[in-house]
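Q: the following block contains a protein sequence and its predicted model.
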Amino acid sequence: MAERKLKLATTSLAGCFGCHMSLLDIDERILDLVSLVEFDRSPLTDIKHCGPCDIGLVEGGVCNAENVHVLREFRKNCRILVAVGACAITGGVPALRNNVDLWDCFREVYQYEPGTKKGVIPNDPELPLPFDKVRPIYEVVRVDYFLPGCPPPADAFWELVTALAAGREPKLEAALLKYD
Ligand code: SF4
């Protein structure tokens, strides 16, 4: 009987998609990857909701109410949840705004910067409620693995996913552990 492919989901919360780009930097090994795993919710598939999965890769920190919703959906559905990159692990670059009053941030972006439409701060009920601080994802859900880096190198993604697919612990050599 053919072995079942693992299901893998990815999402970007408060992140820049750089971690997703680094995952794609595995280049032609992407063909090996798709023989090992099937993608569920991911910007790569454009599936909007995460179904039951084996591995969930989460890029980005938590900066608004929608991030919490997506993250909890991932935790509920993913057997193994991985915090990918500095933003997911510590809040990263988006958390630089944590020392600035949120209202001041909005005014700087929407009212003082030239080119924004009439200086109006968006206030549509469909927009997610922003939080005053950007938080690492472990403050919201349990995390099984942390893959550091901004972004983590492609080889680190490769080792992580292939190890988990093979049912072994990932072994990340020092060269694959980036803290910048
Ligand atoms: Fe982008 Fe770096 Fe954050 Fe990844 S860790 S989402 S590359 S800023």
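A: Right, received. Where do you want to start?
Q: going by C-alpha atoms from here, please, whenever you check contacts or count neighbours.
A: Noted.
Q: how about the residues of this protein by the ligand?
A: Residues of the chain lying near the ligand by C-alpha under 6 Å from any ligand atom: 15-19, 59-60, 85-87, 92-93, 150-151.
Q: okay, these in TSV with neighbour count, distance to residue 33 and pLDDT next?
A: Listed next are these as TSV, based on neighbours: other C-alpha atoms under 10 Å; distance: C-alpha to C-alpha, whole Å; pLDDT from 0 to 100:
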residue	neighbour count	distance to residue 33	pLDDT
15	23	23	97
16	15	23	97
17	16	19	96
18	16	19	97
19	26	17	97
59	28	19	98
60	31	23	98
85	30	20	98
86	27	24	98
87	31	25	98
92	21	28	97
93	16	29	96
150	18	22	97
151	24	19	97
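Q: just those residues: which are in helices?
A: Among those, the members falling in helices (DSSP state H) are 18-19, 85-87.
Q: of these, which is the nearest to residue 5?
A: Closest approach between those and residue 5, by C-alpha to C-alpha: residue 19, at 23.2 Å.
Q: ok, now which ones touch that closest one?
A: Counting by C-alpha atoms under 8 Å, 6 or more residues apart in numbering, residue 19 touches 59, 84-85, 150-152.
Q: try 10 Å
A: Shown in contact with residue 19 (C-alpha atoms under 10 Å, 6 or more residues apart in numbering): 12, 25, 57-60, 84-87, 149-154, 157.
Q: just the ones of those residues in strands?
A: Using DSSP state E, 12, 57-59, 84 are the members of the contacts of residue 19 that sit in strands.
Q: now the strands: where do they sit in this structure?
A: In the chain, the strands defined using DSSP E lie at 6-12, 37-39, 53-59, 62-64, 78-84, 130-135, 145-147.
Q: ok, of the ones in strands among the contacts of residue 19, which come out buried?
A: Buried by 16 or more other C-alpha atoms under 10 Å: 12, 57-59, 84, out of the ones in strands among the contacts of residue 19.
Q: who is the most centrally placed residue in the chain paired with across the strands?
A: By C-alpha atoms, centre = their mean, the chain has its centre lying nearest to residue 59, at 1.4 Å. Here residue 59 shows beta-bridge partners residue 12, residue 84, assigned using DSSP bridges.
Q: wait, what's in contact with the nearest residue to residue 17 once chain neighbours are set aside?
A: Using C-alpha to C-alpha, 6 or more residues apart in numbering and skipping residues adjacent in sequence, the residue nearest residue 17 is residue 59, 7.5 Å away. By C-alpha under 10 Å, 6+ apart, the contact set of residue 59 is 10-20, 82-89, 137, 147, 151.
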